[in-house]
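**Q** Here is my input; please provide its structure:
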Amino acid sequence: MPTRGLRLSSSLGVEFGVAMLVAGVITLLAIAGIDKLGTIGLALPLAILVGGVLIARPALSISLLVGLVILFEGVFGLFSFTARLYEQVYKDVSLLDLVVILAVAAVAVDVLRSGRSIWVPRPLALPSIVLALAMTAGIVVGHEGGASLHYAFFSEHVLFYLLFLPLAVANLDVSRRQVVWALGALAALAVVKAVLGLAEVFGHLGPSIEGTSTLTYYEPAANWVVMVAVLTIAALALRRVRAPAWVYLAPPLLIASLVLSYRRSFWIAGILGLLLVLLLGSTATTRKALLPAALALAAAIWLLGSISFQSQSPLVKRLTSLSPTKLESNAEDRYRLDERANVWGEISAHPITGIGVTIPWQAKVQPLSVEHEDGRQYVHFAALWFWLKMGILGLWAYLAYLLAGMVVAFQAWRASREPFLRAFALASLCAIVGLIAMDTTASFTGVDPRFTVLVAAQLGLLAKLKRIARDEREQELVPAPLRPPNAPRPVRA
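**A** Numbering: from 1, shown residues only. Got it, this is the predicted structure:
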């Protein structure tokens, strides 16, 4: 009995000591957090604990990242607190940067722990190498232009998303069933976003458009999610795939949210993507009717831009502004033309090296009608932004990523057997083609943080779909184990 009592006392002493040690560490972390971050630093121990859990669950980390980016808007009337995800918490690092680093680190730790080798999808290998070289060139040229190395390096944080997130998602250890479930959750999130956007419009809480109405989402991330969801449902309906009833009841809400965003580039990309879905996903008989339909659509857009409407509806104003004859009278469109002329001047002067990251372009060719905050760090044409900031390597990297995205989506579409996965891959292929048109009106890919997170994760998921289909096909080719001729057949449950 005395020996047992001593052991029990010793065990309690060890547990008490460990508890005191943990409490001391938590207290020190809280004090350090308050010293560096203020009262918000009290949450530092909890953040470290949650971070440890997420590091051990890579699929959960990626899901959390994508979910936060979809749900948390930068400017949103219903929930203004969501913008804090994109605020800087320490020097040039934002909370979003920390979540991205955590997600990528979780996948890297899982790969090392399981002994798997890092898999680089073949279509993404060359674009990744070219982008890494272009980013290095942009930092060097920017530093020579007067920017500090620290500032130049951290200014490329969105490009790091494009470099590492596709590889992280592609190396997730997930099954086909888990991917199907995740895509279903993303479709539900798209419907939720559409409902919230429409609620913001009807509550007059969103940003104003044309001075008379409010819009759903001006930022591109939500509109991209909604557009891909519409294209996916169209691909499912085209093949008459059985799906839950809410999937086929969702398009009116999704389309209304997209239309009331008043983003003309997404209108054009959505229509182009829908035509491509019909073209690639339909039968030969249906394809014959697409050409007349496309011509009728083009004629309708031309008529909307040429007829003098008297309506004061902001929707009509945005539609009529699609006409080239309307560009000169729109101050913002006029600014974009002036911006492009000056950017071309800078590229002509530095066609190989560009001007470097963090270095603003100069208005030497055409005076600007208006000035925007940080406007000279931005270009309303993604290919020109890459070329301007990182030289010819930047342009090649941008074009290579778009081409790789289409190749990966095409491969996933042709290889997948699950109808839902095939529909998503086809929708992604058509959406990326639409993205080429979108990126000529604004810089989304590699420039907008939220949009780049979504596109990068989408590329990685498409590569994962291709690999899942390949692995399943290889397993089917493996011969069943031989058994004696007279052996009883296995009983199936």
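**Q** which residues touch residue 440?
**A** Residue 440 makes contacts with 381-383, as judged by CB atoms under 8 Å, 6 or more residues apart in numbering. Glycine gets a C-beta too; all of them are placed from N, C-alpha and C.
**Q** ok, now residue 196?
**A** residue 78 are the contacts of residue 196 under CB under 8 Å, 6+ apart.
**Q** Nearest to residue 69, out of the contacts of residue 440: which one, please.
**A** Closest approach to residue 69 among the contacts of residue 440 (CB to CB): residue 382, at 18.9 Å.
**Q** Point out where the chain drops to low pLDDT.
**A** 1-51, 77, 90-91, 209-213, 283-333, 478-493 (pLDDT under 70).
**Q** Strands of that one, residue ranges please.
**A** Residue ranges of the strands in the chain, as given by DSSP state E, are 88-90, 93-94, 208-209, 213-214.
**Q** who does the second one pair up with?
**A** Same thing as strand 93-94. Within its sheet, and counting by DSSP bridges, strand 93-94 is paired with strand 88-90 (antiparallel).
**Q** what about the helices in the stretch 51-200 of the chain?
**A** For the stretch 51-200 of the chain, the helices defined by DSSP state H, counting those that start in this stretch cover 58-71, 95-114, 122-144, 149-154, 157-170, 176-202.
**Q** Next, format those as CSV and append distance to residue 352.
**A** Below are the helices of the stretch 51-200 of the chain laid out as CSV (distance: least, CB to CB, whole Å):
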stretch, distance to residue 352
helix 58-71, 35
helix 95-114, 31
helix 122-144, 9
helix 149-154, 18
helix 157-170, 19
helix 176-202, 41
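**Q** Point out the most buried one among these.
**A** Stretch with highest mean neighbour count among these: helix 157-170 (a mean of 23; mean count of other CB atoms under 10 Å).
**Q** Does anything pack onto it? Which helices or strands?
**A** Judged by 3 or more CB pairs under 8 Å, 6 or more residues apart in numbering; DSSP states H and E, the packing partners of helix 157-170 are helix 58-71, helix 95-114, helix 122-144, helix 449-477.
**Q** Mind doing that once more with 6 Å?
**A** helix 95-114, helix 122-144, helix 449-477 (3 or more CB pairs under 6 Å, 6 or more residues apart in numbering; DSSP states H and E).
**Q** hmm, back to that, could you identify which of the contacts of residue 440 has the most neighbours?
**A** When neighbours are taken as other CB atoms under 10 Å, the top entry among the contacts of residue 440 is residue 382 (23 neighbours).
**Q** Looks like it contacts residue 441 (just checking).
**A** No - under the criterion of CB atoms under 6 Å, residue 382 makes no contact with residue 441, lying 9.4 Å away.
**Q** any idea how far residue 448 is from residue 378?
**A** 10 Å (CB to CB, to the nearest Å).
**Q** Looking at the two, which one has more neighbours?
**A** Between residue 448 and residue 378, counting by other CB under 10 Å, residue 448 is the more crowded of the two (20 against 16).
**Q** and the more buried one, how far is that from residue 435?
**A** Counting by CB to CB - residue 448 and residue 435 are separated by 12 Å.
**Q** Next, work out how far apart residue 54 and residue 109 are.
**A** Distance of residue 54 to residue 109, computed by CB to CB: 10 Å.
**Q** next one: stretch 407-427 to chain centre, how far?
**A** Relative to its chain's centre, stretch 407-427 lies at 18 Å (CA atoms, centre = their mean, to the nearest Å).
**Q** Please work out how many residues are found near residue 89.
**A** 14.
**Q** tell me the contacts of residue 465?
**A** Contacts here follow CB atoms under 6 Å, 6 or more residues apart in numbering; on that basis residue 465 touches 412, 416, 421.
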